[in-house]
Every structure is written in structure tokens, then in C-alpha cells.
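[1] Fold the stuff below for me.
(one chain, ligands or ions: 1)
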Amino acid sequence: MQEDGGISSLFDFLADSTDKIIFSDATNKDSHVPVIHRNEINAESFRSNYLNKKPVKLKGFMNQEWTNWTPDSLCELFKEEPLSVLVSKDNKNFIDNDITCERAQMTNTQLFDHVFHVSSASKRLYFRTTLPDALLESVDQLPIKTLLDREKDNTSLLRLWVGSSGNVTPIHYDRCHGVLSQIIGTKKITLFSPKYTSDIYPHESHSSRAHCSRVCMEKWIMGDTYQREHYPNFDRAKRRECILEPGDILYTPPGWWHHVLSVTPCASITVPFDMKPGEKIPPNMLI
Ligand SMILES: O=C(O)CCC(=O)C(=O)O
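    Below is the predicted model:
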């Protein structure tokens, strides 16, 4: 697949899927997240151009050993434990709460066989877990740490995400710097600047979902009457799109809204870096 211009080449791949709509909807006002190769950036230029400013896709920042992980070798890391896995109530959207998801217990082979070898459309699964030691060692080697200048971050915040093709993490923002590192499979991420917050229609500020949008992007794009009537300004929010493939890393600044679609079965690692005192807090995080 080509670099981010490869969005159109995903059409065939998604034939007969409603997700196709997302790929076909790109308009002139949408744009792609910039792509930077390791030899084109250093810590200083990263800080002046991207840190706390805008998302960027980074290539060449993951060691080979990361992308050598396979479904089978990841599966082996979990053979001792029964796994608690998210099952989406609408078989599409995954937020870790009782409104959106239930939990199922299964063994490592049941999970990995289902996600990677069974057609997942009937029952999509998302497994989100802290990192086993073998993966933590790989994260310690992550060259992106030199860009972010964060050597001593809290490793308990790191997560491995293993999920089915078609899984959606709906539009939300995080309070930390996000580093989404793709190990297996392809994800499509759509991002919106915090300046579009009113067009994103967040849940009430006092609710536990204040960092989540009320808009269902897929339904909105397909012209769903309820969505169009209740969230009429959603298309004022300029979308930035990014395709992540194994070895790619997406940096997302705090407060940036994002929507993540797993285009294929995927394994990714999220490396959240807390904001430092003195960093400018986006207005949507202050509400
Ligand atoms: O990969 C996903 O499904 C969601 C990841 C995400 O939202 C994040 O890293 O902030």
C-alpha cells in the first residue's frame, strides 16, 4: 500500500463494507497528516513543528524487533491467564464502559484465532492490556523517546491493543501526548484540531464522557437523519487522515479529537506521555 495517498487503494479492500463510505468521503477540505522519516527530523525540529501543535506520522522510529511480532508470538505471551476481552454491543464501536461494551473471558488461543483467523464481522473483539515484560523491553528501545524527551514515563500507562478488522474507537480526545505504534495490520485514523470542539459535539462537560463526541462519524457520513439533524455542523470540522501500517507511529497532541478504524486485524501499542508542567493546555481540556 502506498503512503497516505493509499487511502483510495483501500476501496477494493473494503468492498461491501460500510467502512468504505469513510474512505470515499474525503473532500478537498480534508487533508493528510504529514509523514516524516527519521532522518528528516531531530528533537529540536520535532518540538518546534509538532509537539503540542499538530499530529505527525513518523516512519523509521520503530526497531525491527517490534515489527517481527506475529499473532502467534504475541499470543504466546498470554498463555498463563484467562483474558478479559471487550465485546461491542453494536459490534462496531469500542469504548471501555458499560454503555458501549460487555466483557467476555477467553483463552489466548480463542482470542487470537478469532481476531486473526476467523471472519470477524459477526463478532468483533478488542483486547486492551498492560504490557507483558517482553514487550516492555521493546518499548524501552523506542527511538521516539529521544524526540519526546521523556525518559522516565509511567510504564503502567502503556497498552497493547489487539482487535478485529472493522473495530472503531469513536471520536474522543486524550489528556496526554499520544504515540500510537502499529505492530500488525492497518489502521485509519481521522483527527480534528481542538479548535473544532464545538463542531464535534462533546458529551456534557460534567459527564464521564466529556472527552467523547456524540457524533457517530460513520452514520453522519452515510447521511443518517438523526445525526444530520442533531449535529448539523460536524462537517465544519476539518478532518486530517492517516493510514498506519506496521512500523509506523502516529504522534497526537493532547486535546486533539481522533477516530480510529481497524482496517484489518491489528496489534498496536499506545505510549502515552503525560503533559509537563508549563505546557499549554488546549481549551477543550479546561472545560
Ligand atoms: O487504536 C485504537 O483503536 C485507539 C487508539 C487511541 O485512541 C489512542 O491511542 O489514543
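
[2] is the helix or strand where residue 220 lies up against the ligand anywhere?
    Element membership for residue 220 (DSSP states H and E) is helix 217-221. No. Against the ligand, helix 217-221 shows no contacts by CB under 6 Å from any ligand atom, the least distance being 13.4 Å. C-beta coordinates here come from the backbone N, C-alpha and C atoms, glycine included.

[3] Likewise for stretch 239-246?
    No. Contact of stretch 239-246 with the ligand (CB under 6 Å from any ligand atom) is absent, the minimum separation being 8.6 Å.

[4] For the stretch 101-250 of the chain, which residue gets nearest to the ligand?
    residue 169 (3.5 Å; CB to the nearest ligand atom).

[5] ok, residues contacting the helix or strand just after the helix holding residue 220?
    The first helix or strand that comes after helix 217-221 along the chain, using DSSP H and E, is helix 225-230. Contacts of helix 225-230 with the rest of the structure, by CB atoms under 8 Å, 6 or more residues apart in numbering, involve 201, 214-216, 219-220, 234.

[6] Keeping just the C-alphas, turn helix 225-230 into PDB.
    Below are the C-alpha coordinates for helix 225-230, written out as PDB (Å, rounded to 0.1, in the frame of the first residue of the first chain):
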ATOM      1  CA  THR A 225     -31.200  11.700   9.500                       C
ATOM      2  CA  TYR A 226     -30.800  11.800  13.300                       C
ATOM      3  CA  GLN A 227     -27.100  12.500  13.100                       C
ATOM      4  CA  ARG A 228     -27.500  15.300  10.400                       C
ATOM      5  CA  GLU A 229     -30.300  16.900  12.400                       C
ATOM      6  CA  HIS A 230     -28.600  16.900  15.800                       C
END
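
[7] Could you pick out the residues of this protein near the ligand for me?
    Residues of the chain lying close to the ligand (CB under 6 Å from any ligand atom) are 161, 169, 174, 178, 180, 187, 258, 260, 268, 270.

[8] Save those residues as TSV, and put in pLDDT too.
    Listed next are the residues of the chain next to the ligand as TSV, based on pLDDT from 0 to 100:
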residue	pLDDT
161	97
169	97
174	94
178	92
180	94
187	98
258	98
260	98
268	96
270	90
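
[9] So which of those belong to strands?
    Per DSSP state E, strands hold the following members of these: 161, 169, 178, 180, 187, 258, 260, 268, 270.

[10] mind listing what the residue of the stretch 101-250 of the chain closest to the ligand touches?
    Residue 169 neighbours (CB under 8 Å, 6+ apart): 93-95, 259-260.

[11] can we see that at 7 Å?
    Contact analysis of residue 169 by CB atoms under 7 Å, 6 or more residues apart in numbering lists 94, 259-260.

[12] which stretches of this structure aren't confidently modelled?
    Residue ranges of the chain with pLDDT under 70: 1-30, 120, 140-145, 149-154, 287.

[13] Walking through it, point out its helices one by one.
    Using DSSP state H, the helices assigned to the chain run over residues 10-13, 19-24, 43-49, 64-67, 71-76, 108-117, 133-140, 144-148, 197-200, 217-221, 225-230.

[14] who does the third one touch, helix- and strand-wise?
    Helix 43-49 makes packing contacts with helix 144-148 when contacts are defined by 3 or more CB pairs under 7 Å, 6 or more residues apart in numbering; DSSP states H and E.

[15] ok, back up a step: and residue 57, which of the helices of the chain is closest to it?
    helix 144-148 (11.8 Å; CB to CB).

[16] what about the spatially closest residue to residue 135 that is not a sequence neighbour, how many residues close to it?
    Closest residue to residue 135 apart from its sequence neighbours, by CB to CB, 6 or more residues apart in numbering: residue 160 at 6.3 Å. Residue 160 is flanked by 20 other residues according to other CB atoms under 10 Å.

[17] any idea how far residue 64 is from residue 138?
    In this view, residue 64 and residue 138 are 10 Å apart by CB to CB, to the nearest Å.

[18] Comparing the two, which shows the higher neighbour count?
    residue 138 (18 against 7).

[19] Please identify which pair of the residues of the chain next to the ligand lies farthest apart.
    174 and 187 (15.7 Å).

[20] Would you mind telling me which of those two has the busier surroundings?
    Higher neighbour count among residue 174 and residue 187: residue 187, with 23 against 17, using other CB under 10 Å.

[21] ok, now how distant is residue 46 from the ligand?
    For residue 46, the distance to the ligand equals 18 Å [CB to the nearest ligand atom, to the nearest Å].
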